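**Q** only the shape, not the letters, is given here:
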DNA sequence: AAATAAAACAGTAATCATTACTGATTTAGA
DNA sequence: TCTAAATCAGTAATGATTACTGTTTTATTT
C-alpha cells in the first residue's frame, strides 16, 4: 500500500498547507474543485484519511460534528469559538509537562494528547456586545 | 421548556452516575432497557442532549465516531486507549494554569477546555506483549 | 376533581458526515 | 510492453444522531 503520486492528493495537500483555519473535508472539496473540477468528494475523504494515517496531516475531532484537518504537525493546541465554530492555533509549550504529569496517574502508556480551548472569538464577542 | 420529572431520564442519570467509563448512548440504552424494556433509543438521545444542554452531564467527543457521556462534572481530563477505545479519568489540576496561559495568546475569551490523552491501556499493552 | 396546556414518550422516518463499492484509468516495476 | 497495484469519479451504503407523529403523562388552572 505504497503511496503513488496523485495530482488530486497534491492539490489537497497544497490547499491545506495554505490555510490556518483547519477546514473540513467539504471546504477542501469546494476549493480543490476550482483546480480539478472533476474531483469527487470521496476522493477528498479518501486522501485526507490516507494523509492522516500516514502522519502527514492531523485530523481534529471537535465539538461540531465535522472533522477538521491541519497540515501543521508542530505540537500545538486549538481554540474553537462556540459562536461561529472557527478554529485558531494556540502555541503553548506545556506538552511535555502535561504528559509527564498524566503518565504518573495512569497505568497505561501515553503517546500523545490533544487540547481544545472553547470560548468566544473576537468577532463573535463584538457581535454580542452590539446586540 | 422546564424539565418535568421523567422515570426514563432518572434511570439514564442513575445508570450514568454509576459508571466511570463514559458510555455511549447505545450502551446506556442497552442498560436502561433492562429496567424500562420499552424505552426507545430516541428517548435516550433526547434526554442525554437535554441533560448536557442543562449542564448536568458532559458530552465527550473523542477520536472514535461516537459521543460518550460523563456524569462527573468536576474538572478533570481523559485518557482514551487507541487499542480498545476505553476511556478513563485523569485528575490533573492544571486547568487554571492552562487557561491563563492560553488566554494570553488568544484575542478571544476562553470559557473552558478539554484535554484528551491517547495511548495504550494496560490490558492492551499486555495483549501486545503476548503477541 | 375535571379541563387544558406543556412535556415526555415509543416508534419510526429522515439527515448528514463519512465510508465502501464500482468499473475505468493511471502508475510502477519487471 | 505487460502485469499488478494504486487511484480516480461516481454512486450506493453505513451508522450515529436528530426530527417527526400520534399518544401518554405531568403540571396547572378552574
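**A** Arrived safely. The structure displayed is predicted, hence computed values, not measured ones.

**Q** going forward, measure contacts between C-alpha atoms and count neighbours the same way
**A** Fine.

**Q** give the buried residues for the biggest strand by length in chain A.
**A** As assigned by DSSP state E, the longest strand anywhere in chain A is strand A:109-120. Neighbour counts using 16 or more other Cα atoms under 10 Å in any protein chain shown place A:109, A:110, A:113, A:114, A:115, A:116, A:117, A:118, A:119, A:120 of strand A:109-120 among the buried residues.

**Q** from the residues you listed, which two are the most distant?
**A** Greatest spatial distance among the buried residues of strand A:109-120 (Cα to Cα): A:109 and A:120, at 34.2 Å.

**Q** then residue A:49 would be within a strand, right?
**A** No. Going by DSSP: H, G, I helix; E, B strand; the rest coil, the assignment for residue A:49 is helix, not a strand.

**Q** list the contacts for the closest residue to residue A:62 other than its chain neighbours?
**A** Distances taken as Cα to Cα, 6 or more residues apart in numbering or on different chains put residue B:61 closest to residue A:62, at 6.7 Å, once the chain neighbours are dropped. Contacts for residue B:61 (Cα atoms under 8 Å, 6 or more residues apart in numbering or on different chains) come out as A:61, A:62, A:63, B:67, B:68.

**Q** what's opposite the last one in the beta bridge?
**A** Translated: residue B:68. For residue B:68, the beta-bridge partners are residue B:24, residue B:60 (DSSP bridges).

**Q** so it touches residue B:59, yeah?
**A** Yes. If you go by Cα atoms under 8 Å, residue B:68 and residue B:59 touch, sitting 5.9 Å apart.

**Q** what's the average pLDDT for stretch A:93-103?
**A** Averaging pLDDT along stretch A:93-103 yields 94.

**Q** give me the buried positions along it.
**A** Buried residues in stretch A:93-103, defined by neighbour count with 16+ other Cα under 10 Å: A:95, A:98, A:99, A:102, A:103.

**Q** what comes into contact with it?
**A** A:75, A:76, A:109, A:110, A:112, A:113, B:90, B:92, B:117.

**Q** name all residues that make contact with the closest residue to the last one other than its chain neighbours.
**A** This means residue B:117. Nearest non-adjacent residue to residue B:117, counting by Cα to Cα, 6+ apart: residue A:113, 4.1 Å away. Contacts of residue A:113 were listed using Cα under 8 Å, 6+ apart, and they are A:95, A:99, B:115, B:116, B:117, B:118.

**Q** would you list the phi and psi of residue A:75?
**A** Main-chain dihedrals, residue A:75, degrees, to the nearest 10: phi -60, psi 120.

**Q** where exactly do the helices run in chain A?
**A** Using DSSP state H, the helices of chain A run over residues A:7-18, A:25-32, A:41-53, A:95-105, A:122-130.

**Q** okay if I get those helices as JSON lines plus distance to residue B:51?
**A** Shown next, in JSON lines, are the helices of chain A (distance: least, Cα to Cα, whole Å):
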{"stretch": "helix A:7-18", "distance to residue B:51": "37"}
{"stretch": "helix A:25-32", "distance to residue B:51": "31"}
{"stretch": "helix A:41-53", "distance to residue B:51": "33"}
{"stretch": "helix A:95-105", "distance to residue B:51": "29"}
{"stretch": "helix A:122-130", "distance to residue B:51": "26"}
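
**Q** mean neighbour count, these: which tops it?
**A** For those, the largest average neighbour count (mean count of other Cα atoms under 10 Å in any protein chain shown) is found in helix A:25-32, namely a mean of 18.

**Q** is there proximity between that helix and DNA strand C?
**A** Yes. Helix A:25-32 is in contact with DNA strand C by Cα under 7 Å from any atom of the strand, via A:25, A:26.

**Q** quick check: mean pLDDT across that helix?
**A** On average, helix A:25-32 scores 98.

**Q** what's that helix in contact with?
**A** By Cα under 8 Å, 6+ apart, the list of residues contacting helix A:25-32 reads A:11-12, A:15-16, A:39-41, A:44-45, A:48, A:67-69.

**Q** DNA strand D contacts on chain A?
**A** Proximity of chain A to DNA strand D, by Cα under 7 Å from any atom of the strand, involves residues A:1-9, A:36, A:38-43, A:46-47.
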